[in-house]
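Asks: Whatever this is, show me its structure:
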Amino acid sequence: MSNSCKDIKIQMNRIKGQVEAVDRMIDSGRDPIDIIQQIIAIKSCLNKIGKDLIKQESQECFTQVNEKERLLKFENLVKNFFKLSN
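Replies: The predicted structure follows:
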């Protein structure tokens with residue numbers, strides 16, 4: 001497993017903990033604003049992971065030897081970038 005994969009796993013485990021904390025907050029009747037703040041933090045972490053993955057994929061895109069593969073990979077990258085940015 002590469003360092004970037006390890007970093008992503010660490011971040012995903014942190015997000016799991018945050019989601020579980022939100023679940024407990026809901027069960028305990030916490031203030032909705034506190035819950036919303038945690039949801040915003042979770043979304044921010046997910047966006048960062050998505051951006052990191054796109055960055056990694058873009059670097060790999062330009063190392064493709066085959067022009068057709070490079071173009072397909074780039075098109076897929078751009079499509080997913082716009083999905084992530086919505």
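Asks: and Leu84, what element?
Replies: Under the criterion of DSSP states H and E, Leu84 resides in helix 67-85.
Asks: Give me the buried positions along that helix.
Replies: Residues of helix 67-85 classed as buried by neighbour count (16 or more other C-beta atoms under 10 Å): Lys73. Placement of C-beta: from N, CA and C, glycine included.
Asks: Mind giving me the packing neighbours of that helix?
Replies: Counting contacts by 3 or more C-beta pairs under 8 Å, 6 or more residues apart in numbering; DSSP states H and E, helix 67-85 packs against helix 32-61.
Asks: for the helix it packs on, which positions count as buried?
Replies: Buried residues in helix 32-61, defined by neighbour count with 16+ other C-beta under 10 Å: Ile42, Ile49, Ile54, Cys61.
Asks: I'd like to know which of those is nearest to Asn13.
Replies: Ile49 (11.6 Å; C-beta to C-beta).
Asks: wait, the closest one sits on Asn13?
Replies: No. In this structure, Ile49 is not within contact of Asn13 by C-beta atoms under 8 Å, at 11.6 Å.
Asks: Tell me which helix or strand Met12 sits in.
Replies: helix 3-27.
Asks: now that helix and helix 32-61, what's the angle there?
Replies: Computed with axes from the mean of the first three to the mean of the last three C-alpha atoms, to 10 degrees, the direction of helix 3-27 lies at 160 degrees from that of helix 32-61.
Asks: what does helix 3-27 contact?
Replies: Applying C-beta atoms under 8 Å, 6 or more residues apart in numbering, the external contacts of helix 3-27 come out as 1, 34-35, 38-39, 41-42, 45-46, 48-49, 52-53, 56.
Asks: what's the farthest-apart pair in those residues?
Replies: For the contacts of helix 3-27, the maximum inter-member distance is 35.1 Å, found between Met1 and Asp34 (C-beta to C-beta).
Asks: Please identify the buried residues of the helix holding Met12?
Replies: Ile8, Ile15, Val22, Met25.
Asks: which residues touch Ser85?
Replies: By C-beta under 8 Å, 6+ apart, Ser85 has no neighbours at all.
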